[in-house]
Structures are given as structure tokens and as C-alpha cells.
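S.K.: curious how this folds, go ahead:
(3 chains)
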Amino acid sequence: MSRGLPDAGCGYLSGMAPATSTAVVWFRRDLRVGDQPTFLAAKERADRALALFVLDPRLLEPAGPRRTAFLYRCLRALDEQLGGRLLVVKGDPADVVPRIAQAVGAASVHVAADFGPYGRERDEAVEKALGDVELVRSGSPYLTEPGTITKSDGTPYKVFTPFSKEWTKRVRDAAPADTDATTLTWMDPSDKDGGPRAVKVPDDPKLDAELPEAGEQAARESWEAFVDEHLTDYDDTRDRPDKPGTSRMSVHLKYGTVHPRTLLADAGGDGKGATSYRNELCFRDFYGHVLWWFPRSARENFDPKFDSIPLDSGKKADEKFAAWQEGRTGFPAIDAAMRQLQGEAWMHNRMRMAVASFLVKDLHLPWWWGARHFMNLLVDGDLPSNQHGWQWAAGTGTDAAPYFRVFNPVTQGERFDPQGDYVRRWVPELAEIEGKKVHQPWKLPDPPSDYPEPIVDHKAERNEALARFNAL
DNA sequence: TTTTGAGTTGTTCGA
DNA sequence: GTCGAACAACTCAAA
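M.R.: Numbering: from 1, shown residues only, chains lettered A, B, ... in the order given. A predicted model of the protein is given here:
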């Protein structure tokens, strides 16, 4: 294997100087030019690169309008960074990627490894279809590639804390790759000879939510502002949905407009805030690992012993679910959160836990109903973190599930939204109620008539949830 | 193999 | 109002 030299048969014309060698850089969930190991790998093998994105119907359909629009915006931003040289095509990657590689005479296609259930399968199919053209995987969306952290006996961790100890050792030396748009010479995609036809990034689907700004530049600015203003106090302020104390990087990590290496590099200190932030990055890796080892846990209880817990169903259950979805449960903090999800395609993490606990423990509904709703509406919706976050709340996932982990929907509101600002922002029916009284409008002498009474008695449903758990 | 210590983010109750 | 203990038993991880 002669790295860095044009392969015979795809660049030489007899008697002439070698033609330019080309590599394909196939972007997927890494829509950035900074900190891109794929660029370095492509540069080793070729003089120029073709930047490619494939609109894959199998991924786009389940993404829903919000994530689809966000993706399109990221693609437009990336195309601009690449001087208008991003080739966008539509189709099944196993079909179009090999045809493009052939059309530009590429000997290698460069990707960041994908570890999702569909992504793994797709990449194997592409690799097979590529034949002699090599699919080169460099890096991944994670700090530690799923599957690479195991216990000393080679089996996977099922508990976060011991995983995090090993993870901390592993990521100590992680450093961002030094790349930018000029690392590679980008081929003009219109020079391609045949192959699938280029398409424009489609117009955004119709939206009913305001999305965060897309693209690498937006990610970087947002991150730098967070580091300057909130990282030091992150340990405290991350729990406050009424304050802008979180980094909002989830959506950028989802689309790879930033890599966690870059975040880790800036959050490497010993302070409480930085330590907490690293813990969140570690959770993302942990759940990436868990889903890689246990792909069925995306749909089923991680621990099958919980399969026998009785769940509600039928018309009443459907009605409760609708009330939860629409933010009319009568619990202000829960309703504010569900409306935030509806309105800005995002929900504060503290409230994700609270509404999940409410759905599972107060309404006794399946966690996967809630997980699906989240995936439908979240712009940052990412399968491993979403599903396992839900399983954590339901007590069916990794880690010990203390039977007493039942959130009190009122206490959570009063503790983390102490002045009620979050509730008033998202529940206009309660906008006139001052201070923390807003968390229990039913106690007011004259409660607002257009806001519902609580749909359940929390104390009773808490006991019911405990009883169902204890019956195991 | 056996043993030991521990397990993301909580709530309630009684002193 | 604050604070510590209780809330089950079990599985996981490591020694």
C-alpha cells in the first residue's frame, strides 16, 4: 500500500505526468471543517478531495421537520465554508457513494465512524459496495468510540461511575485535530464525470418552532459565550431552567458542528463547573457505548425484568398522554416544559427528567411513548442519550434504579424555578401570578379559569408507582 | 470464588 | 426552617 501516491489505474495516463489523485470526504454527522480527522486522513492519500453529503431518505424521514430544517441549514453553512463545493446528492448511500467515487476516480472515501444501529449497517453496506475503493474511518462523533471502553474482562460497563473513571483516564490526551477549510483542496463538484446528479439543499420544511442558529460558526460563538459566562458556575446554574446556564451544545454535538474534543479542551480545568461539564460529555459517551453494546435498548427495557411492570393503556391513558404532550396536565412546571419543547424544539435537561418522571411515575405510561414524542420534536434528538435518559427516568435502564426515584412535579418547579419565571414564560394563562405561587395555582383563592386542574393526585400516583415496582 | 463497597441529578418524615 | 435518616433489595465492579 503506497500511502499518499496515486493508485495505479485511477490517475495515470501513460506517458504523461500523474493526474491529480482524489479522495471523497463523505460528511454525515460531522458538518464542520475544524477538528476533522477525516481531512487529515484524506490529505495523506490524495491531492484533492470531493466534499459529499448524501440525503438519505431512511434518515431524513424519521428526523421530522425540525431536525431536517436544522440539517439543511448546517449543510448550507458547510457549503459556504467550502466555497460552494459541497456536492449534495440524494439516494441510498450504498448506491450513490460508490458511483461518485468512481465518477471522480477516488481510491478512498473518508468518514467519521457512525455507531448508531442504522449507521453501522449502512456503512457496512457501503463498504461492501465500494469494492476496491477503501472506506476509511477516522474518528467518530465521540471522545471514546463506542465499544472501546470495557471492564478488564472485556465486557461492557453497565454502571456510569466506573465507566467514567476509565473514561477520564482515556480522554486525558484528547486534542482537537488542527484542520480548517483550507486543509484540503476541494474539487469543483461540477467537474465530476457522470455519476449521480447533484441536487440543491432543499428548502426548509414548514416549521412551528424557532430553531437555534445552525452551522459551525454559530456553534463556536455559542460555545465561547458559554465558556466566558457560565462554565465556572455550571455546577449550580445547569439545573435552572429559568436561566441561560447550559451550553446548548447538544444540537451541535448531534450534527457535529462541534466535536466534543473541542469542548473538552476548553472544559479541562479542575473547577467544579468544568468537572460537571466533563461529566455530561462522559454521559454522552457512556450512552453511546450502551447503545452500541445493547442495540435493543433503543426500543426495549434495558433490563427485561421490568417488562412485567403493569402500564396503563386504553382511552384514559391516551387522554393523559395527550394532556402531557400538549402541556395541560395542570402542573405548571411540567406544562411549561412541554410547551418549551413545542415552541423551541428543545427542553432544559432538568425539565426533561421532571416530565419523564411524570409520564412514567405519575401517569404510568410507557417510557417509549415519551421517548418517541421527544424524538419527534427535539432539534437535538439523539437516539442513545434520548432513549437511555428515558430509561433512567423510568428506572428500567443502566444503573441501579432506586424505587424511590419519583420526582415531585411541584417541588422540582419550586426548587429550580424559584421565582416562577420559567413557568410564566411558557404558560401565558399563569402570566399574571407572581412569584413561586405560580407553581400551585389551585391553591389561589381565584385560580385562572383557563388553566386546568391537576390531572392526577401526585401523592396517590407516587404510591401507585412504588406499589407497582415493589410487586416485582 | 468470595467479599466488599457502591450505585447522576429524590422525597418525605420526624426531630 | 433545617437537617439527617429512611426508603429494598439487588446488581455491578473490583479487589
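
S.K.: show me the strands in chain A, by range?
M.R.: A:22-27, A:48-55, A:86-90, A:106-111, A:134-137 (DSSP state E).

S.K.: what pLDDT, on average, does the last one get?
M.R.: Computed over strand A:134-137, the mean pLDDT rounds to 98.

S.K.: adjacent strands (with direction) for it?
M.R.: Using DSSP bridges, strand A:134-137 pairs in its sheet with strand A:106-111 (parallel).

S.K.: strand A:48-55 and the strand it pairs with, what's the angle between them?
M.R.: Using axes from the mean of the first three to the mean of the last three Cα atoms, to 10 degrees, the direction of strand A:106-111 lies 50 degrees away from that of strand A:48-55.

S.K.: pretty sure A:A333 contacts A:R350?
M.R.: No. Between A:A333 and A:R350 there is no contact under Cβ atoms under 8 Å: 9.6 Å. Yep, even glycine has a C-beta here, placed from its N, CA and C like the rest.

S.K.: ok, these two, which is more surrounded?
M.R.: Under the neighbour definition other Cβ atoms under 10 Å, A:A333 and A:R350 were set side by side, and A:A333 has more, 32 against 20.

S.K.: for the closest residue to A:K192 other than its chain neighbours, give me its contacts.
M.R.: In space, A:K192 comes closest to A:A103 once its chain neighbours are excluded; the distance is 4.9 Å by Cβ to Cβ, 6 or more residues apart in numbering. Residues near A:A103 by Cβ atoms under 8 Å, 6 or more residues apart in numbering: A:K192, A:D193, A:G194, A:G195.

S.K.: need the overlap of contacts for A:A333 and A:R350.
M.R.: Common contact partners of A:A333 and A:R350 (Cβ under 8 Å, 6+ apart): A:Q412, A:F416.

S.K.: one step back: now the contacts of A:A103 as a markdown table including pLDDT?
M.R.: Below are the contacts of A:A103 laid out as a markdown table (pLDDT from 0 to 100):
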| residue | pLDDT |
| --- | --- |
| A:K192 | 89 |
| A:D193 | 88 |
| A:G194 | 91 |
| A:G195 | 91 |
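
S.K.: quick one, what contacts A:D303?
M.R.: A:D303 makes contacts with A:T396, A:G397, as judged by Cβ under 8 Å, 6+ apart.

S.K.: pLDDT score for it?
M.R.: Per-residue pLDDT puts A:D303 at 90.

S.K.: number of residues surrounding the residue lying closest to A:V54 once chain neighbours are set aside?
M.R.: What sits nearest to A:V54 in space, not counting adjacent residues and going by Cβ to Cβ, 6+ apart, is A:P93, at 4.9 Å. Around A:P93 there are 25 other residues, counting by other Cβ under 10 Å.

S.K.: distance check, A:Q36 against A:G256.
M.R.: Distance, A:Q36 to A:G256, by Cβ to Cβ, to the nearest Å: 9 Å.

S.K.: again with A:V97
M.R.: 18 Å.

S.K.: which one of those two has more residues nearby?
M.R.: Ranked by neighbour count (other Cβ under 10 Å), A:V97 and A:G256 place A:V97 first, with 30 against 23.

S.K.: having no further points to raise, I will conclude here.
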